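Student: Got a sequence here, can you model it:
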Amino acid sequence: MLALLDGTDPAATPYSSATSAVVALLALVMALIAFRAAGRKRNPGLRWVGFAFVLFAAKNVFSAYNVVTHFVLHDDIELVISLFDLVIMLLLFVPLFSRRRS
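Tutor: Here you go, the predicted model:
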């Protein structure tokens, strides 16, 4: 098998990008569920969870696109994906620390 200089296998590219696309689609479905639940339950914390799922979907779309096009260098993509993860984690923790005001 031919491996690229960065250690990636071109034969695995379709599987990697397809998996990221499926994860992005599932994250969007979960975001929709969270937003609808926030409206029904009148719980604003669920909106933060919905936004986290939207960012999770965006991260996977970005990752899938980069696997196919290689438009971002490997070291840079590690930084970008880590920043996505950091913001997602913060969005998931906001509902735990924010208090409901009545």
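Student: Who are the packing partners of the longest helix seen in the chain?
Tutor: The longest helix of the chain (DSSP state H) is helix 13-41. Using 3 or more Cβ pairs under 8 Å, 6 or more residues apart in numbering; DSSP states H and E, the elements in contact with helix 13-41 are helix 45-69. All C-beta atoms are positioned from the backbone trio N, CA, C, and that covers glycine.
Student: Residues contacting the helix it packs on, please?
Tutor: The contact list for helix 45-69, computed with Cβ atoms under 8 Å, 6 or more residues apart in numbering, reads 13, 16-18, 20-21, 23-25, 27-28, 30-32, 34-35, 37-38, 71-72, 77, 80-81, 84-85, 87-88, 91-92, 94-96, 98.
Student: and if we set it to 6 Å?
Tutor: 13, 16-17, 20-21, 23-24, 27-28, 30-31, 34-35, 37-38, 72, 77, 84, 87-88, 91-92, 94-95 (Cβ atoms under 6 Å, 6 or more residues apart in numbering).
Student: Quick one: distance of the longest helix of the chain to the chain centre.
Tutor: Put simply, helix 13-41 sits 9 Å off its chain's centre (Cα atoms, centre = their mean, to the nearest Å).
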